[in-house]
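Coordinates for the following, if possible.
(2 chains)
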Amino acid sequence: MNIKILDSWLREFLQAKATPKQISQNLSLTSVSIERIQAYKKDFIYDIEVTTNRPDLASVSGIAREASAVLPQFGIDAKYTPPSLSKPKDIKEKTKVTIVNDKTIVNRVCAVAMEVTVKPPPDKITERLLTSDIRSLNNLIDITNYVMRTIGHPTHVFDLDKIGKQTVIIRPSKKGEKIKTLDKKEYILPGGDIIAEDGNGEIIDLLGIMGLANSVVSESTKRILFFLDNNNPSHLRKTSMTLGIRSDAVALNEKGVDPELAMDAFLFGIDLYKKFADAKIISEIIDIYPNKPRLKTISVSKEKIDAVIGIPVSLKTSLEILGNLGFKTKTSGKNIFVIVPSYREKDIAIEEDLIEEIARVYGYHNIPSVLPKISVPKTPALEKNEFFWERRFKEALKYWGFTETYTYSMVSEDLYEGPIEQAVTIKNPLSTDWIYMRKTLVPSLLSVLKENSNRDEVKLFELANVYTKKEHDLPKETLSLAGVIRKPSLSFFEVKGIIEQLLHNAGIDNLSFKKSDSVPGADILIGTAHTGSIEVLDDEVVNFELNFEEIVTHATLKKIYKPIYKYPPVIEDIAIIISEDVPTNEIREEILKQSSLIEDVSLLDTFENTRTFHILYQNPEKNLTSKDIEPIRTKILAALTEKFGAKLKE
Amino acid sequence: MEEALINIKNTALSFILETDDPKNLEEIKLQFLGRGGKLTLAIKEITRLPQEKRREVGMLANEVKQTIENTISERLQKLTQKKHISLSKKLDVTNPGAKPPLGHLHLVTQAIEEITYIFEHIGFSRVRYPEIEWDYYAFTALNFPKDHPARDDWETFFIKEETNPKMGEILLTPHTSSGQVREMQKKQLPIKMLNIAKCYRRQSDVSHTPMFHQFEGLVMGKDISISHLKGTLDYFVKSYFGEKRQFRIRPYHFQFTEPSFEVDVTCGVCLGKGCKLCKAGWLEMGGAGMVHPNVLKFGGIDSKEFTGFAFGWGVERVLMMKEGIEIDDLRLLYSNKLEFLEQF
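Have a look, this model is predicted:
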């Protein structure tokens, strides 16, 4: 949470010869981050980010105390003057107030009844609240906010005459109970919320979050009940988030405020009511305090401090830092023992917490930067490194004109492929567009294609995980590489060629393509392992998806040298007439089988029922002549005729 | 004989001067000066001449040879020059080039590659852990209390699946830190891991996308200190953002580190002076800290013997902090408009 406070307000509690800029820089480095300083009239406003573990710093006095501890490290003398507080004396107990607490949900309650006059608050208070981004309403309400910002404990004020039996009974709410908050909004409670009723069964407060309309002070209020409650934080957060009510009070309360602070805030508030609302105390001062924090002792050794920080810090410096921060310290040899102050009770529990306190005030900027000199024991083979192959595949596609996309892993029902009941499903989706964890990438790519319909030619790819449900276990995550091409009169073979080259570039050549049964396209196999598929959607769009993990298991960096032939090859093209049902690959393999002198066979051209093959003959030992080739050619033709009924095209 | 030589010379010169093709010059050279060339054959005849004439004729033959060679080379030079001039005349270098295909890697991939390169250079190894993970690894083992806000339904995505009594619910990892304890459980110390992965949080607005990427570093060994964390940060910041950018660490709070830090880098626009885009000269990069002893315990590592530091930062975040990429709506990164993707 962020709080804004005026420099002049801070200096009521902090005596330090430091400019606002020095305060801001030095606190940012060692304590809370002061994100901005803004000039305001002759003053300055600090905008401070308070982390969740330090609710003790969400107040002017808290910041002053912290500043007094850290500024001396920068050579600036600083002193903290706590707010002056005293027990009120002139009490006339004219009326009786009854408080019934539930200690499982509330740690401490302080309350007192007062007769008051409603009037505008003094300018100083109004100005301080406004610069703090808190609205100014009237003196009765403003004082509660002023106390909260000064001391750091939220407070509340009821119109005593609106509380039925002058009784406040604290209890957890039941599900379905209704309330109307002081901003006139109605809510139905989820149950387990901390509420108070007035003895007549009417709910008069949503404790720690916001007051209710039925008990709020107004211009005509004569008597108030000034009320402080220190609550169990987890209840508050749940209520606040479920109902969507966020207030400064709940932001503070949900972090766990020090109950010891409640009395300070209480006394400070009473004093302000006396000064600015002509208050007279008319009831006993109530302080119900069942859950007092136990102060704990923690120890840490100098050796450990030095080891974590990385350089030696003297015992004296450590003790001084901890002392300034409010810890009571003792030493024994090179060990430090501290008693943790109540306002740090939730935050400080182990020796590492103390090291943090010492290190930050010592100054992280004073610690040298050194690269760790450790080497990692295992050295895996590069060709087993999937990240290496990822890069190689992505680069190849990039240089072939593909654009890489990143689409969301979670998809709508429309984009989910496969039976929806087997989908990995998000229990609390942000929208129905993002509800299932995808099983394939292609639908996402096709939707990108659709969004870019103004382009005739598009080549896209994505490498991302896809997810398969497993019973009672984490889903299986598999890296998948998918691509889609849109182009006028696009052929299947353009995509096939890309896949062949892509895999060849990873040392994989034992590929085969099997015609798919369901859609026009092919299944892709490496050896016998199914590795992916190509799908022809129409004569403009073809997509592919490959199991990248499977690819990585086959990918290799092995290189084999073959001697370069001394003699030139003989190249011959043979055109044959053959049934279209015979796959080219079978013809090719049949030809290759006929002689060891055939180095390579490739399909050169297809026209109607004629296919022309390009045959490369090679003898490493000698120059081949047409006399050597002739018998092989005859053999090839005989084999093709016998096996496939092929004929030589004359 | 002399006459024959003069004749050879004249014939050769007329051929040479008549041709416009450099290839013909090669042929002419062969025809006259080659092994069976006219001049070569004529020179062989010289031995048959009487002794007293040989010297004189020999000198003449040499001169003829020299003249032919020189003329060829002069002619060649002239022809080449002529060709260059005519080629040059036709060449308009401002016409467009014939470009090979060049696609585009996504900005996030480019950032991941840069980050990987930098950390690999100082000995980090990339790892990968589940994106859909048990609550145990994402929260419990990272020292998150049961009622921590991050575990709320409105911050983290949960998967519809039975809760496991030991591991808890299944969720989409809200941070890459969920890999920390898995890495420790491998029992291969020391550790220098870099985990870059998709993360998910229930937020979608101009500065948040429900899916994003983080990179997580974890270093663990004997005597690993804050000083080492600073050294690593320094190396990254200078490599990734350039030497002009400074960094600082300041106190912060995280459940799984103690001490915890927030890391700031000076603003790329004002370089630390303070401007509209930054907070008093600084931009927040992300969190870091010394691994909490409770986390070490969950990882089965003795915190008395080993210490470690960890950091986890948004890939998109550091990308946006680079100069020149001030994207006003982060969701654009995942909208996959080609007009956007093709810019990078």
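
Reduced to three states, what does the residue most central in space within chain A come out as?
For chain A, the residue nearest the mean C-alpha position is A:L430 (14.8 Å; CA atoms, centre = their mean). Following DSSP: H, G, I helix; E, B strand; the rest coil, we place A:L430 in the coil state.

Next, it: phi, psi?
The phi/psi pair for A:L430 (degrees, to the nearest 10) reads phi -80, psi -30.

OK, contacts around it?
Going by CB atoms under 8 Å, 6 or more residues apart in numbering or on different chains, A:L430 touches B:R202, B:Q203, B:S204, B:P210. C-beta: built from backbone N, CA, C; applies to glycine.

The third one is in contact with B:P210, isn't it?
Yes: in terms of CB atoms under 8 Å, B:S204 counts as a neighbour of B:P210; the distance is 5.2 Å.

more neighbours, the two?
B:P210 (23 against 14; other CB atoms under 10 Å in any protein chain shown).

State the distance from the more buried one to chain A.
With distances taken as CB to the nearest CB, to the nearest Å, B:P210 is found 6 Å from chain A.

Quick check: chain neighbours aside, which residue is closest to residue 147?
In the absence of a named chain, this looks at chain A. Spatial nearest neighbour of A:V147, excluding adjacent residues (CB to CB, 6 or more residues apart in numbering or on different chains): A:G269 at 4.4 Å.

Hmm, no, I was thinking of chain B.
Closest to B:D147 by CB to CB, 6+ apart is A:S234, at 4.1 Å.

where does that neighbour fall, phi/psi-wise?
Backbone torsions of A:S234, given as degrees, to the nearest 10, read phi -70, psi -40.

confidence score at it?
For A:S234, the pLDDT comes out at 81.

Equivalent analysis for A:P377, please.
68.

Check the one 5 residues further on too.
As summarised for this prediction, A:L382 has a pLDDT of 92.

that older thread, would CSV of the contacts of A:L430 with distance to A:A39, pLDDT and secondary structure be doable?
Formatted as CSV, the contacts of A:L430 follow (distance: CB to CB, whole Å; pLDDT from 0 to 100; DSSP: H, G, I helix; E, B strand; the rest coil):
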residue, distance to A:A39, pLDDT, secondary structure
B:R202, 38, 95, coil
B:Q203, 34, 93, coil
B:S204, 36, 93, coil
B:P210, 39, 97, coil
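
quick revisit: which residues sit in contact with the residue nearest to A:V147?
A:G269 neighbours (CB under 8 Å, 6+ apart): A:I143, A:T144, A:V147, A:T155, A:F226, A:L228.

pLDDT on the helix or strand hosting the second one, on average?
Right, the one you point to is A:T144. Using DSSP states H and E, A:T144 falls within helix A:139-151. Over the span of helix A:139-151, the pLDDT mean works out to 97.

Wasn't A:K4 part of a helix?
No: secondary structure assignment (three-state DSSP) places A:K4 in strand, not in a helix.

Look up how far B:F157 lies from the residue nearest to the centre of chain A.
The spacing between A:L430 and B:F157, counted by CB to CB, to the nearest Å, is 8 Å.

who's in contact with A:V106?
Taking CB under 8 Å, 6+ apart, we find A:V106 in contact with A:I170, A:I194, A:L207, A:D229, A:N230, A:N231, A:N232.

Residue 324: how many residues sit nearby?
All of this refers to chain A. Residues lying near A:N324 (other CB under 10 Å) number 20.

wrong chain, I was asking about chain B
Using other CB under 10 Å, B:G324 has 6 neighbouring residues.

worst-scoring helix or strand of chain A, pLDDT-wise?
Counting by mean pLDDT, DSSP states H and E, the weakest-scoring helix or strand in chain A turns out to be helix A:233-243, with a mean of 88.

Distance from that helix to the middle of the chain?
When C-alpha coordinates are averaged (CA atoms, centre = their mean, to the nearest Å), helix A:233-243 and its chain have centres 21 Å apart.

Can you pull out the low-pLDDT segments for chain A?
Residue ranges of chain A with pLDDT under 70: A:377.

Quick check: which element contains the residue nearest to A:V147?
Counting by DSSP H and E, A:G269 is found in helix A:260-277.

continuing past that helix, what's the next helix or strand?
Next along from helix A:260-277, by DSSP H and E: strand A:280-281.

That next one - contacts with which helices or strands?
Judged by 3 or more CB pairs under 8 Å, 6 or more residues apart in numbering or on different chains; DSSP states H and E, the packing partners of strand A:280-281 are strand A:106-115.

Mind listing the strands the strand it packs on pairs with, and their directions?
Sheet pairing of strand A:106-115 (DSSP bridges) gives strand A:223-231 (antiparallel), strand A:280-281 (antiparallel), strand A:286-288 (antiparallel).

before we move on, back to that, now that we have the contacts of A:V106, which of them are buried?
Among the contacts of A:V106, those classed as buried by 16 or more other CB atoms under 10 Å in any protein chain shown are A:I170, A:I194, A:L207, A:D229, A:N230, A:N231, A:N232.
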